[in-house]
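A.B. asks: No sequence on hand, only this structure:
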């Protein structure tokens, strides 16, 4: 949808040209009209302008001056100058002002349509191939480090990824590791920030730690430093080559890498202490793991760090390789992945908000059941008990936050059965508890859907009422969008989705129906009827009336 403004000090010319452009109907245009340069500038406040079609000579502010001001506000706006004067000097000045075209009023409508078409096509071309795409590409390149970090953290927290998908993403994000080879993992933290308490200082120091680690490790390994938060980080390491030319067996090659990383880690710690005055603790894997096991290995190292195995500052520990978390029971691979997948889904509960807000009960139920599903066969009874308590706590927090932030407590209190809201023991089983929250979500979706439908009906009713009441006035999308506080493009789309017809077509239907009534029941002249139903141009009214009814206004009056 393009916004086009017509500016001319002759109202009849503006009205005729606006009607002609609407009848041309080549593009989806929102047409704005102004009769002076100052009025045009006033109407431009708060709106986007794509094409300016302006008379070059007007009292007060002329078209050339207007073009200067428009370009300051909308540098990409295409400007077409109209004039009744074939003045070479004006043409040269118009071109210097950035006008796309210069059209003499005597050349007729087709020349104006061609100029608008040229402007519209250039706008489309700029969007596809111009600065916008270039800047978007530049921004994408700038965001690669963040996308890379987010992807790797997802991978390390158990997000499923096929071998093919992982290889593709490694290439797209420039991850300098082999996606089909094992990886060695180390987990680190800053034990004490000391004098560095500001967030900017911490970010800078974490970056400095990364530089120090890269200085020691990248010469002989493939190395990635991935920040987790403000004080923790993970290292992902592979050998430079997986083909040992000195005849070293692969197992010994990985063992050699582990010894190198351990020795180098001591150097990293010492350098951080000496240069940055920061104590850094590290937990190193005892052996490499496949990428599909990386999440489990990462979790083990993280639990060792948070579970108290590293109690003092600046520790360097190698995990046992037994797969036992600090202070906890050993877990099989299947158990670990069942837990991890459930926790990953718990972190996505916020995705339910959109379906609740939209009143889309079916989509809510589908996503809710997906996010709360887990494989109980892979878990012990004790583990199921505590995992379901964890799930219940997450659901309770999510729904309590949702209804509080949207002031829905009084609305859903009766349906919520608040005695069951925060206490698991008020449910017969964990399955009953999850089913309770599913019913609560359905009730919220039903309520929001009903409210949304009511607001929609009110909006349509308000628009229809305004159209009938002000049928004699300009009824542009911009004017109507102000009535219901929506943007013109969104109003156009939502109206058609809800009613099945274009809003401008509805306005035309109302105007023609009103014109029929006046032709049949009044003695108004044709141009007076046209004015009464909002047409500034009687000839345009006649053409449109005939197009819709197959009769001219005069013929319709005679027939009735």
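C.D. replies: Nice, I can see it. Everything numeric here is computed off the predicted structure, so don't read it as measured data.
A.B. asks: Helices along the stretch 201-350 of the chain, start to end?
C.D. replies: 250-271, 294-306, 333-346 (DSSP state H, counting those that start in this stretch).
A.B. asks: Revised request: answer the last question for the stretch 51-200 of the chain.
C.D. replies: 63-73, 88-96, 109-129, 131-156, 163-172, 199-217.
A.B. asks: Identify, out of those, the most deeply packed stretch.
C.D. replies: By mean neighbour count, with neighbours taken as mean count of other Cβ atoms under 10 Å, helix 63-73 ranks first of the helices of the stretch 51-200 of the chain at a mean of 18. Bear in mind the C-beta positions are built from the backbone N, C-alpha and C, glycine included.
A.B. asks: Distance from it to the middle of the chain?
C.D. replies: 33 Å (Cα atoms, centre = their mean, to the nearest Å).
A.B. asks: and that helix, what does it pack onto?
C.D. replies: Applying 3 or more Cβ pairs under 8 Å, 6 or more residues apart in numbering; DSSP states H and E, we find helix 63-73 packed against helix 37-44, strand 51-55, strand 78-83, helix 88-96.
A.B. asks: quick revisit: between the helices of the stretch 51-200 of the chain, which has the poorest mean confidence score?
C.D. replies: Sorting these by mean pLDDT places helix 88-96 lowest, at a mean of 63.
A.B. asks: For the chain, which element, helix or strand, carries the lowest mean pLDDT?
C.D. replies: helix 88-96 (a mean of 63; mean pLDDT, DSSP states H and E).
A.B. asks: one step back: for residue 40, find the nearest of the helices of the stretch 51-200 of the chain.
C.D. replies: helix 63-73 (6.1 Å; Cβ to Cβ).
A.B. asks: Strand 78-83 and the closest one, what's the angle between them?
C.D. replies: Note on geometry: by axes from the mean of the first three to the mean of the last three Cα atoms, to 10 degrees, helix 63-73 and strand 78-83 are set 170 degrees apart in direction.
A.B. asks: Tell me the secondary structure at residue 536.
C.D. replies: Secondary structure for residue 536, judged by DSSP: H, G, I helix; E, B strand; the rest coil, is coil.
A.B. asks: What count of nearby residues applies to residue 392?
C.D. replies: 20 (other Cβ atoms under 10 Å).
A.B. asks: Would you tell me which helix is longest in the chain?
C.D. replies: helix 430-469 (DSSP state H).
A.B. asks: Tell me the helices and strands packed up against that helix.
C.D. replies: Helix 430-469 packs on helix 352-357, helix 361-371, helix 381-405, helix 409-416, helix 477-484, helix 488-499, helix 503-521, going by 3+ Cβ pairs under 8 Å, 6+ apart.
A.B. asks: Nearest to residue 163 among these would be which one?
C.D. replies: helix 361-371 (23.6 Å).
A.B. asks: Quick one: residues in contact with that closest one.
C.D. replies: 345-346, 348-349, 351-352, 355-356, 437-438, 441-442, 445-446, 449 (Cβ atoms under 8 Å, 6 or more residues apart in numbering).
A.B. asks: tell me the two of those residues that are most distant?
C.D. replies: 346 and 449, at 25.8 Å, using Cβ to Cβ across those.
A.B. asks: what's the pLDDT at the nearest residue to residue 288 once chain neighbours are set aside?
C.D. replies: Excluding its sequence neighbours, the residue lying closest to residue 288 (Cβ to Cβ, 6 or more residues apart in numbering) is residue 182, at 3.8 Å. Looking at residue 182, its pLDDT is 93.
A.B. asks: show me the contacts for residue 182.
C.D. replies: The contact partners of residue 182, taken as Cβ under 8 Å, 6+ apart, are 238, 254, 288, 289, 290, 291.
A.B. asks: So how do I select the buried members of these in PyMOL?
C.D. replies: Here is the PyMOL command that selects the buried residues among the contacts of residue 182 (16 or more other Cβ atoms under 10 Å):
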select buried, resi 238+254+288+289+291
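A.B. asks: okay if I get the contacts of residue 182 as CSV plus distance to residue 386 and pLDDT?
C.D. replies: Shown next, in CSV, are the contacts of residue 182 (distance: Cβ to Cβ, whole Å; pLDDT from 0 to 100):
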residue, distance to residue 386, pLDDT
238, 36, 94
254, 36, 84
288, 31, 92
289, 26, 92
290, 28, 92
291, 29, 92
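A.B. asks: Could you dump the contacts of residue 182 into JSON lines with distance to residue 305 added?
C.D. replies: Shown next, in JSON lines, are the contacts of residue 182 (distance: Cβ to Cβ, whole Å):
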{"residue": "238", "distance to residue 305": "22"}
{"residue": "254", "distance to residue 305": "23"}
{"residue": "288", "distance to residue 305": "19"}
{"residue": "289", "distance to residue 305": "17"}
{"residue": "290", "distance to residue 305": "22"}
{"residue": "291", "distance to residue 305": "21"}
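A.B. asks: hmm, back to that, next, the angle from the longest helix of the chain to helix 488-499.
C.D. replies: 110 degrees.
A.B. asks: Give me the mean pLDDT for helix 430-469.
C.D. replies: Rounded mean pLDDT across helix 430-469 is 91.
A.B. asks: tell me the angle of that helix relative to helix 477-484?
C.D. replies: Using the same axes, to 10 degrees: helix 430-469 against helix 477-484 is 120 degrees.
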